[in-house]
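Asker: A predicted structure for the sequence below; I have some questions about it.
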Amino acid sequence: MKKILVLTSTFPFNSNHNVPDFVKTQIKGLKKQYPDLYFKILCPNISQNIKKEETDSYELIAFNYFWPKKYQTLTEIGILPSIKKNFLNTCKLPLLIIFQLINTVKICKNFKPDYIYVHWFTPQAIIAYFASILLKIPYGFTSHSQDVVVLTKIPIFGKILINKIVKRSHANSTVSIATNLKLKSCVSEDNWIENKNMVLPMPIPDYTPKKNIRISETFKILFIGRLVEKKGVELLIRAFNKIDDLNITLTIAGEGPKAKYLKSISENNVSFVGYVSGNEKDHLISNTDLIVIPSIISKDGDSEGLPVVVLESLIRRKLVLASYDSNAGEIIENGSNGFLFNSNNEEEFIKIIKNISSLDSNKRASIEKNAYELGTNYQISSLGPKYYDHFFKDLN
């Protein structure tokens, strides 16, 4: 039995908890493929009282970091979006780090894990680094987007800490080539070991796509994701408002600090359905013609890693239109298994949407088939062995 302690900022407590579930998908998939792995998950508690799901795949432990509990909101929409929404949330971050470190040490003394595996460099890899020094336990991390670059904003000390964390780590992964390059740019050549760092997108569940049956003549466009600046939803809505075809509709699925503003600038044929997951999410994607990922680089430099919704859409044989800023161009071949556009060119964006909506059935079917074949590479059955070999295989 290999005992793994997983540190993360975000993890769904149950199927009704409205937070992204990609870490859960990864852990459950690894446990199914490798029963010798025994996982404990440590994540911050939240402001609501939500019952934790009981499962044979892992044990979930939530720790408190702020009182009264109703103000434990730092991770509910993501740490950076929470701080942008209310700068006072900055004061909660040191408390989260301190209490996650304390709880990590407590759990390690009883659980005695063989390995600490963390999601997000800041703050989880920092916590794993200090826990490793105290307890001599190896650790590895997965970086998702800007979670390393945040530390570089701390003069002198930030880059020193990044280098120490990377040097001491057992293995690391990033979700995209762009994210890997950002990490590498923060690390000195002496501390960068190429085979210790691997690009591994977050896996999606294995999926057998349903047959696409189209009854409506309406061309349906869908966005799924957090309603924050870097997702580019404002660009999408403003472009859609200029499309005068009444047979094209846009659905926005997600929640976030920009929701109220985005609704205020929306015109006809735009609907907001809130956060979706599970069967509701599957139904929404399966009954859509085009999934759009209009990600941008935000004003403060925040950017994507590789949105999981890209992979979830491909495996469902869906047409995908993604911006180059989403990093989907690392896997999508424009016009073959999906479509790409420049997020700084609204007119190009509108033209591409119109062209996709008028594709003939044979061309459309060909792209959907290619999309599915690409998507199969990112199912947990395909990526699980790569994660296992990279992080856990050589553990004693």
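Answerer: Great, that's in hand.
Asker: tell me the secondary structure at Q146.
Answerer: Put simply, Q146 is coil when judged by DSSP: H, G, I helix; E, B strand; the rest coil.
Asker: separation between the closest residue to it other than its chain neighbours and G384?
Answerer: For Q146, ignoring the flanking residues on the chain, the nearest one in space by CB to CB, 6 or more residues apart in numbering is D302 at 5.2 Å. Heads up, the C-betas are built off the backbone N, CA and C, glycines and all. Separation of D302 from G384 (CB to CB, to the nearest Å): 29 Å.
Asker: contact partners for S298?
Answerer: 228-230 (CB atoms under 8 Å, 6 or more residues apart in numbering).
Asker: what separates it from E330, distance-wise?
Answerer: For S298, the distance to E330 - CB to CB - is 20 Å.
Asker: in a helix, K51, correct?
Answerer: No: in this structure, K51 is coil, not part of a helix, as judged by three-state DSSP.
Asker: so what pLDDT did it get?
Answerer: Per-residue confidence (pLDDT) for K51: 87.
Asker: could you do V150 as well?
Answerer: For V150, pLDDT reads 78.
Asker: against S336, how distant is it?
Answerer: 36 Å.
Asker: same question for K2.
Answerer: In terms of CB to CB, K2 sits 40 Å off from S336.
Asker: cool, and I137?
Answerer: 45 Å.
Asker: what about these two, which has more around it?
Answerer: I137 (18 against 12; other CB atoms under 10 Å).
Asker: so who does the more buried one touch?
Answerer: 108, 113-116, 131 are the contacts of I137 under CB under 8 Å, 6+ apart.
Asker: list just the nearest of those to L95.
Answerer: A131 (17.1 Å; CB to CB).
Asker: tell me, how many residues neighbour the closest one?
Answerer: For A131, using other CB under 10 Å, the count is 24.
Asker: that one reaches P138, doesn't it?
Answerer: No: using CB atoms under 8 Å, A131 makes no contact with P138, being 10.7 Å away.
Asker: any shared contact partners between the two?
Answerer: I116.
Asker: related to what we said a few turns ago, tell me which two in the contacts of I137 are the farthest apart.
Answerer: Longest span within the contacts of I137, CB to CB: D114 and A131, 13.5 Å.
Asker: max-length helix in this protein?
Answerer: helix 92-111 (DSSP state H).
Asker: can you give me the buried ones in that helix?
Answerer: 92-93, 95-97, 99-101, 103-104, 107-108, 111 (16 or more other CB atoms under 10 Å).
Asker: try stretch 17-25
Answerer: Buried residues in stretch 17-25 (16+ other CB under 10 Å): 17-25.
Asker: just the C-alpha atoms of it, please, in CSV.
Answerer: What follows is stretch 17-25, C-alpha atoms only, in CSV (Å, rounded to 0.1, in the frame of the first residue of the first chain):
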residue,chain,number,x,y,z
HIS,A,17,-20.9,21.1,-4.2
ASN,A,18,-20.4,23.8,-6.9
VAL,A,19,-16.6,23.7,-7.4
PRO,A,20,-14.6,22.2,-10.3
ASP,A,21,-14.1,18.4,-9.8
PHE,A,22,-11.0,17.8,-12.0
VAL,A,23,-8.8,16.9,-9.0
LYS,A,24,-11.5,14.5,-7.8
THR,A,25,-11.7,12.9,-11.3
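Asker: what segments of this structure are helices?
Answerer: 22-33, 79-85, 92-111, 126-135, 149-152, 157-168, 177-185, 233-241, 259-264, 278-286, 308-314, 346-357, 361-375, 380-387.
Asker: still on that earlier bit, and of the buried residues of stretch 17-25, the nearest to I315?
Answerer: Nearest to I315 among the buried residues of stretch 17-25, with distances taken as CB to CB, is T25, at 12.3 Å.
Asker: quick one: contacts for the closest one?
Answerer: 202-205, 380.
Asker: mind putting the residues you listed into TSV with pLDDT and distance to P35?
Answerer: Output for the contacts of T25, formatted as TSV (pLDDT from 0 to 100; distance: CB to CB, whole Å):
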residue	pLDDT	distance to P35
M202	96	22
P203	97	18
I204	96	21
P205	95	18
I380	97	15
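Asker: hmm, which two among these are most spread apart?
Answerer: Across those (CB to CB), the longest gap, 11.2 Å, separates M202 and P205.
Asker: who has more neighbours out of these two?
Answerer: Higher neighbour count among M202 and P205: M202, with 23 against 16, using other CB under 10 Å.
Asker: please name the nearest non-neighbouring residue to that one.
Answerer: F22 (4.4 Å).
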